[in-house]
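# Got a predicted structure plus its sequence, pasted below:
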Amino acid sequence: MDYSCEPVHSNLLNIQAKEPFNAEPTAASLIEFPLTPEDLVYCRNHGPVREFDEDTYMLSISGLVKQEVKLSVTELKATFATKQVIAALQCAGIRRNEMGALKKVNGVPWKDGVIANCKWGGISLRDLLLHCGIQDQPDNNTPLHVCFSSYATLCEDDTYYGASIPLERALDEAADVLIALEMNDEVLSPDHGGPLRVVVPGYLGARWVKWLDTIIICSHESPNFYQQRDYKILPPEIDTKDKAQDEWSKYPSMTSLPLNSVIASVHYAQVNPRLSVLVVKGYSTPGSTGNVASVDVTIDQGKSWQPAYISYQEGKWSWTLWEIELMTGCPISATESLEIPATGTVYSRATDEQGNVQPKESSWNVRGVAYNAWGVGRW
């Protein structure tokens, strides 16, 4: 594959791989901004990044629709109302390096920076599909799927990049699925899928297809490699690529990622011999059962937990920023007060609106996806 024509990438990212270009910022830099600036948005690619002419770029919609259409970006803008949604884009392999420390995994060794909370602007997928019309099905019990494809650039493991979501979610007005044209009120750049990318709030980034050029409504999921033979959680006993070869079809494709929290920065200071201060900051992301309701931290291995202050949360699809200042002498029970040693480990855990709590440990899988053990930081 030819990588010689790629646009200039942000120099604020830590490069995990050059070809394809895969890079992430530090979590400490991310949490300084409620909305992630363009230069701090991670880059996840399975092939070369290409720049396309918006005036000639086309999107086709076909399959089980009443009217097949092919529209330019200009026609999309002129035909449909635009809407905006704030949503966190998140790679399935976030914190993969931590899972890999338990046992070897396959994949880019991502840390905790493959997340971006952005304001996405574009066309409602629901509006676009209703414009085309969905064909009546003789068997109403057969669920339909919306398959997204990008033939615009080459790909490592298939002839194109593809993914799909259930039609039911695509048509759900409350799900806010978009064909994005903008990110943070700016034209969507090539590095982040411009001129057209899918935005599926609440789903892992693998379903947010970049450089979208084809939509097909069909009675099955996308047959693409990245829907059928990747981005699935296999059981721990399938611990090599060879063992996984005949097992992929037995397990469901990933949709939502689990409830999570990450410690992005820890600062310790001894003010005087009897007073120490520990400032901890981080972010949290919801799972499929409701938004983040609270985040707590512990410096004594979970014996006591202190509630963090939520400093940012915007709508049901955003990340949650949180922080806490711990001081020597803070009461942790009726008879005990907090002691802060000169060095130590701090953990975080999130709780969602339904009362689900982030687990202390996360199950291992060969692809290193969906890691959500307690967040960890050290000082």
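Done, it's in.

# and the residue nearest to Gln16 when sequence neighbours are not counted, how many residues sit next to it?
Leaving aside its chain neighbours, Gln16 sits nearest to Asn22 (4.6 Å; criterion: CB to CB, 6 or more residues apart in numbering). Using the backbone N, CA and C atoms, a C-beta is placed for each residue, glycine as well. Close neighbours of Asn22, defined as other CB atoms under 10 Å, add up to 21.

# Ok, Leu171 next?
Neighbour number of Leu171 under other CB under 10 Å is 16.

# swap in Arg169?
Using other CB under 10 Å, Arg169 is surrounded by 20 other residues.

# same check, this time on Ser29
17.

# One more: the one 10 residues further on?
For Asp39, the tally of surrounding residues (other CB under 10 Å) stands at 13.

# if I read this right, it contacts Ser10, doesn't it?
Yes - using CB atoms under 8 Å, Asp39 makes contact with Ser10 at a distance of 4.2 Å.

# The residue nearest to Thr82 when sequence neighbours are not counted: what's it in contact with?
Once flanking residues are discounted, Thr82 sits nearest to Gly121: 5.9 Å by CB to CB, 6+ apart. Counting by CB atoms under 8 Å, 6 or more residues apart in numbering, Gly121 touches 82-84, 178, 180-183, 185.

# run the last query once more with 7 Å
Gly121 is in contact with 82, 84, 180-182, 185, counting by CB atoms under 7 Å, 6 or more residues apart in numbering.

# How about Thr255?
With CB under 7 Å, 6+ apart, Thr255 has these contacts: Tyr203.

# which SSE is the residue nearest to Thr82 in?
Secondary structure from DSSP states H and E places Gly121 in strand 115-124.

# three-state assignment of Ser29?
Three-state call for Ser29 (DSSP: H, G, I helix; E, B strand; the rest coil): helix.

# just checking, it touches Leu40?
Yes - using CB atoms under 7 Å, Ser29 is in contact with Leu40, at 6.0 Å.

# how far away is the residue nearest to Thr82 from Leu178?
Gly121 sits 8 Å away from Leu178, going by CB to CB, to the nearest Å.

# from memory Tyr3 sits against Gly47, does it?
No - Tyr3 sits out of contact with Gly47 when judged by CB under 7 Å, with a separation of 8.8 Å.

# ok so, going back, partners of the residue nearest to Thr82 in the sheet?
Gln84, Glu182 (DSSP bridges).

# What residues are bridge-paired with the most centrally placed residue in the chain?
Centroid-nearest residue in the chain: Gln90, 1.3 Å away (criterion: CA atoms, centre = their mean). Beta bridges link Gln90 to Ile115 when assigned by DSSP bridges.

# ok now do it, which residues does it touch?
Taking CB under 7 Å, 6+ apart, we find Gln90 in contact with 114-115, 204-205, 257, 285.

# Repeat that for Ser362.
Contacts of Ser362 (CB under 7 Å, 6+ apart): 99, 371-373.

# 6 Å - rerun?
Ser362 makes contact with 371-373, according to CB atoms under 6 Å, 6 or more residues apart in numbering.

# how much space is there between Gly202 and Ala78?
Gly202 sits 29 Å away from Ala78, going by CB to CB.
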